[in-house]
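Student: What shape does this take:
(chains A and B)
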Protein chains: 2
Amino acid sequence: MVPSELNALKAHEEQTWTGLELLVCAVLQLILVFLAYRLDRSTAQQWFIPESACAIFFGLCFGVVLKFFTPVQDDAMGLNPQVLFFGLLPPIILEAGFNMKKRGFFSNFSTILLLAIVGTLVATFVTGGALIWLGHLGWITSLTPAEAYLYGSLISAVDPVATLSVFKKSDAPPMLFNLVFGESVLNDGVAIVVFTLFQESIRQGVHEINSHAASNVILQVIVILFGSILLAAVVCLLSAFLLKHADPALQLYPTYEISIILLSAYISYVVGDLAGLSGIVALFFSGVLMSHYHLTTISQESATALKHLLSTLAFLAENFIFLYLGVSVVAYSGAFKWDWAFIGWQLVILVVARAANTFPLCGLANVGRKEQIPLSYMVVIWFSGLRGAIAFALALNVWTIHSDHAGVIKSSTLFTVMSTTLVHTSATSWSHRAGCDARRCLGC
Amino acid sequence: MVPSELNALKAHEEQTWTGLELLVCAVLQLILVFLAYRLDRSTAQQWFIPESACAIFFGLCFGVVLKFFTPVQDDAMGLNPQVLFFGLLPPIILEAGFNMKKRGFFSNFSTILLLAIVGTLVATFVTGGALIWLGHLGWITSLTPAEAYLYGSLISAVDPVATLSVFKKSDAPPMLFNLVFGESVLNDGVAIVVFTLFQESIRQGVHEINSHAASNVILQVIVILFGSILLAAVVCLLSAFLLKHADPALQLYPTYEISIILLSAYISYVVGDLAGLSGIVALFFSGVLMSHYHLTTISQESATALKHLLSTLAFLAENFIFLYLGVSVVAYSGAFKWDWAFIGWQLVILVVARAANTFPLCGLANVGRKEQIPLSYMVVIWFSGLRGAIAFALALNVWTIHSDHAGVIKSSTLFTVMSTTLVHTSATSWSHRAGCDARRCLGC
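Tutor: The predicted model follows:
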């Protein structure tokens, strides 16, 4: 056969495989809908396997089938980071912003900022420092300082998707929900920013991180965070202007109203990313601001439709992410290097590092708060740091001159994501129940 | 730099370019929303440039910028057929089925089937035959018989997207709308089936088409069409069962209800494609059946939200397709071979071939119809055969052993799509107005 014929045949075959993959995904998604429904209907007291864990498990099985029984290439199997960042994350983050209870969020805003900014930085530097130290002792693979902090930052990205999917199911007390969820969204933005800064220095051949570089990172994080919020405010203002100054007949066209809101929010996300700010933070705040200002401007019908549109898209995107997390485990297995000592130690470090920021920072926040954060809540916050798709996507993007170090970082991230989602989830729902019980005992 | 470093840099750069492209798309889409709104508000008597034509024009400019001012590769610029078939078409086709007026559609069903099945086959064979004859005369590039019929089939794919976007804007009389629109959806399915059959024979090295092969094609088309409708019915029945036999509390979860409907419809589309049936026809009928049976089963809130969700997604997908049609012109310009005699003659043949099926078949249909199709309607039907994204996507997939023939087919399809969308549109709205005027004169 001539090469062009081979190409045409290959394209035809690829199309068939894409179709088959999409079919399996759609069927698995359908099963997950019913699973989610059953979980929602079950009482909070029952022990449950979260739907995210089921999705990962389905994905794992699917990945094994794809790898061993089909001719699909390994690198075409896994989750493409571009699809994740530009296609699947936006609806989830926007929906989170839209459905955020404004009052609770802003009344806890300073605590959330403290946990998200200072907390993430503390976690990054504690994790990185401990890994460097253990590396020097020769107990684990010895990463360069920049690599260690890079890993510290990506593994500090507490995942809003995973956290939300657990907390939505349980009727957590509002303050706890606002703290955990608000932190997980903003911390994500912060972690991505820190990750990008360290990745940039590694790319430029810088492997040592001195205190000057560290303080530079801290400064940039603050600038980027507030820059992103400002960006969201500007985009929100512009689209409010567009919606208000179109003649009132626009209300007769829900399609156009919804399109304007979705497109403006997406623009804030992409501009944030391109301008070196945090797209996730910008999109989240666009959601918060738009649900406050725009939902009263547009017609009632559009507002209801938009709410359901976002939650349906977010629900499907979320399941898709977990499904492909499972598939990716099999797909990218060639790029992994398993250092079990590293994996074990970093799990311990993670728990310690999260304790090292949660308890002191919550204590500090309590000094200025009218409504105190009880110790039981702090325990829940400590435990609810799930690592999810964002950490994994960042790990897939890791590049360093030592390819075995990159392999260790990838495998370790994957293990952490899987274990926090599977084990941690049960622990969270347990510790959350403990928190509720404590609350009930305390009569609050 | 080592290769892996280059790769990492390339991936990083690609991500930036994807972001920029998406940003430009989002901004252009936002402009198109306002354009669409203005057009909707303008009176039908005003002459207008349809929004689809504006989108193509924007896309052309965007393509030129991408090609000459950015490092984006040509083949990464254009519309990927897989994205079109699996991502952008489904919402458009499903929405079309959902919003189809059931009564008008089914009361004209036999006429629509006649136009779609027999009409498409007549158009395919007339076009193919004429091209073979002109090729023998040496007036145009001489295609092999199989190639000529292949071109005949793909250029007979009257595009529902383009046709709809014109007809929705004008208040066409219901019977005319049902005929034109119903034909355009089903004819599309038929054309894709015929195209696939001819492409398959070319791949197997068959270049002559005898009467046995031709009758085989006709038989397969009928089997595939009814098979697809049956598939839609089965999927609709299954999902109705799922929705009805979940406990009634499912109505409290619009997200799940909407997800179930969307996923089942998508499953019918992919299964149709994989089983060698027509995914488009299956999806369209899923939409028709689901809007009839499911919308009464699910909660009122879900039904309204689903309607707006589909129309918003379809609206955005439609604009995206036209935008990228423009970009693709620039992107794939290297694969084109321009034979202007071929282009000119095939345009004449198209108009004749469409007349050759519209008038006799409408006349035939009138024999059995209570409500006659007036001549003025036939003229509108004749003129409203817009060729759009589907024809172009099929052309991009064309493969033949004579690569210059493929180049001629591609350039000619592109020219036809552009000219029918730009010129034909105005002609349609003109001839449609003429039809309305005629109707008014006749007092019907």
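Student: A:Ser264 reaches A:Leu238, doesn't it?
Tutor: Yes: counting by C-beta atoms under 8 Å, A:Leu238 is a contact partner of A:Ser264 at 7.1 Å. Heads up, the C-betas are built off the backbone N, CA and C, glycines and all.
Student: okay, these two: which has more neighbours?
Tutor: A:Ser264 (22 against 13; other C-beta atoms under 10 Å in any protein chain shown).
Student: Spatially nearest residue to that one, not counting backbone neighbours?
Tutor: Using C-beta to C-beta, 6 or more residues apart in numbering or on different chains and skipping the chain neighbours, the partner closest in space to A:Ser264 is A:Ser239 (3.7 Å).
Student: what about dumping the CA coordinates of stretch A:415-423 to CSV?
Tutor: C-alpha atoms of stretch A:415-423 as CSV (Å, rounded to 0.1, in the frame of the first residue of the first chain):
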residue,chain,number,x,y,z
PHE,A,415,-0.3,7.1,44.0
THR,A,416,-1.2,10.1,46.2
VAL,A,417,-4.2,11.0,44.0
MET,A,418,-5.5,7.5,44.0
SER,A,419,-5.0,6.8,47.7
THR,A,420,-6.4,10.2,48.9
THR,A,421,-9.5,9.7,46.7
LEU,A,422,-10.1,6.2,47.8
VAL,A,423,-9.0,6.1,51.4
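Student: Check which residues of it are buried.
Tutor: The neighbour-count check on stretch A:415-423 (16 or more other C-beta atoms under 10 Å in any protein chain shown) flags A:Phe415, A:Thr416, A:Val417, A:Met418, A:Thr420, A:Thr421 as buried.
Student: Skip the chain neighbours and tell me the closest residue to the fourth one.
Tutor: Just to be clear, that refers to A:Met418. A:Met418 sits nearest to A:Ile56 (C-beta to C-beta, 6+ apart), 6.7 Å away.
Student: a helix runs through the one you found, doesn't it?
Tutor: Yes: assessed with DSSP: H, G, I helix; E, B strand; the rest coil, A:Ile56 lies in a helix.
Student: What separation do you get for it and A:Leu30?
Tutor: Distance, A:Ile56 to A:Leu30, using C-beta to C-beta, to the nearest Å: 17 Å.
Student: Name the residues of the stretch 51-200 of chain A found near chain B, please.
Tutor: When proximity is defined as C-beta under 8 Å from any C-beta of the partner chain, the stretch 51-200 of chain A approaches chain B at A:Pro81, A:Gln82, A:Phe85, A:Phe86.
Student: Tell me, how many residues neighbour A:Ser211?
Tutor: If we define neighbours as other C-beta under 10 Å, then A:Ser211 has 7 of them.
Student: got a list of what it touches?
Tutor: The contact partners of A:Ser211, by C-beta atoms under 8 Å, 6 or more residues apart in numbering or on different chains, come to none.
Student: ok, it to B:Phe167 distance?
Tutor: 68 Å.
Student: From the buried residues of stretch A:415-423, which land in helices?
Tutor: In this view, these that belong to helices under DSSP state H are A:Phe415, A:Thr416, A:Val417, A:Met418.
Student: Out of those residues, which is nearest to chain B?
Tutor: Taking C-beta to the nearest C-beta as the measure, chain B sits nearest to A:Val417 out of these, at 21.0 Å.
Student: one step back: hang on, the residue nearest to A:Met418 packs against A:Phe320?
Tutor: No: counting by C-beta under 8 Å, A:Phe320 is not a contact partner of A:Ile56; they are 11.8 Å apart.
Student: near chain B, which residues of the stretch 251-400 of chain A?
Tutor: With C-beta under 8 Å from any C-beta as the criterion, the stretch 251-400 of chain A meets chain B at residues A:253-256, A:258-260, A:262-264, A:266-267, A:270-271, A:273-274, A:301-302, A:304-309, A:311-312, A:315-316, A:397, A:399.
Student: In PyMOL, how would I select just the buried ones from those?
Tutor: To isolate the buried members of these in PyMOL, using 16+ other C-beta under 10 Å:
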select buried, chain A and resi 253+254+255+256+258+259+260+262+263+264+266+267+270+271+273+301+302+304+305+306+307+308+309+311+312+315+316+397+399
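Student: Lowest-confidence member of the ones in helices among the buried residues of stretch A:415-423, which is it?
Tutor: Within these, pLDDT reaches its minimum at A:Met418, with 82.
Student: picking up where we left off before, and the residues of the stretch 251-400 of chain A next to chain B, which of them are in strands?
Tutor: Per DSSP state E, strands hold no members of these.
Student: among the residues of the stretch 251-400 of chain A next to chain B, which are in helices?
Tutor: A:254-256, A:258-260, A:262-264, A:266-267, A:270-271, A:273-274, A:301-302, A:304-309, A:311-312, A:315-316, A:397.
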